[in-house]
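Student: Structure here, sequence nowhere to be found:
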């Protein structure tokens, strides 16, 4: 479920638990069909994160162990990047959690722009696309008032940067 869950524990994204200062990213080959090898905290380089106004290393949130996400603070948006091996864009569309669900393409892949029922006033937007045998989801939230930024356009830009770095849909 894309609705926000209570945060039950967090660790930094490096194996040692500390923050890494590396510009290298771990990117699976596009021939891999699984999301298991995708680390949501290592998909975007430091330079890419900075270009979106995101600050520092992401923080791994694993409320659902099968669907980890990496959370980044930033300006003008905060962002989380999540992999979900149990859902496709088509199956997500069938869920009753959406106030808005619009099919879009992310660099030619099946995708969607979605806003959950509980987030219609929260200046939050989700963009997801098929990857491996599941989906990658980018969630952005505008951090400043007034509400003059298109959170969905920001999420789509980030998703278009993530897309070539994750497995092709199965």
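Tutor: Good, I have the coordinates. Computed from a predicted model, the values in this text were never measured in an experiment.
Student: which residues touch residue 71?
Tutor: Neighbour list for residue 71: 10, 58, 59, 60, 61, 78, 79, 80 [criterion: CB atoms under 8 Å, 6 or more residues apart in numbering]. All C-beta atoms are positioned from the backbone trio N, CA, C, and that covers glycine.
Student: Quick one, which of these are buried?
Tutor: Listed as buried from the contacts of residue 71 are 58, 59, 60, 61, 78, 79, 80; burial here means 16 or more other CB atoms under 10 Å.
Student: Phi, psi for the fourth one please.
Tutor: Note on residue 61: backbone dihedrals following degrees, to the nearest 10 are phi -120, psi 120.
Student: what about the strands in the chain?
Tutor: 10-12, 54-61, 69-74, 77-84, 98-106, 109-116, 124-131, 134-142 (DSSP state E).
Student: Skip the chain neighbours and tell me the closest residue to residue 122.
Tutor: Nearest residue to residue 122 in three dimensions, chain neighbours excluded: residue 141, at 6.8 Å (CB to CB, 6 or more residues apart in numbering).
Student: pLDDT score for the one you found?
Tutor: At residue 141, the model reports a pLDDT of 91.
Student: how deep is it tucked in, by neighbour count?
Tutor: Applying other CB atoms under 10 Å, we find 19 residues neighbouring residue 141.
Student: And the pLDDT at residue 170?
Tutor: For residue 170, the predicted pLDDT is 77.
Student: Equivalent analysis for residue 121, please.
Tutor: Reading off the model, residue 121 has pLDDT 67.
Student: Give me the distance between the residue nearest to residue 127 when sequence neighbours are not counted and residue 58.
Tutor: Distance criterion CB to CB, 6+ apart; nearest residue to residue 127, sequence neighbours excluded, is residue 155 at 4.0 Å. Residue 155 is 15 Å from residue 58, where distance means CB to CB, to the nearest Å.
Student: where in this structure is pLDDT low?
Tutor: Applying pLDDT under 70 to the chain flags the ranges 1-33, 120-121, 146-147.
Student: mind redoing it with 50?
Tutor: 1-32 (pLDDT under 50).
Student: hmm, back to that, columns distance to residue 48 on top of the contacts of residue 71, output as TSV?
Tutor: Output for the contacts of residue 71, formatted as TSV (distance: CB to CB, whole Å):
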residue	distance to residue 48
10	22
58	12
59	17
60	18
61	20
78	16
79	11
80	15
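Student: Right, I'll call it a day here.
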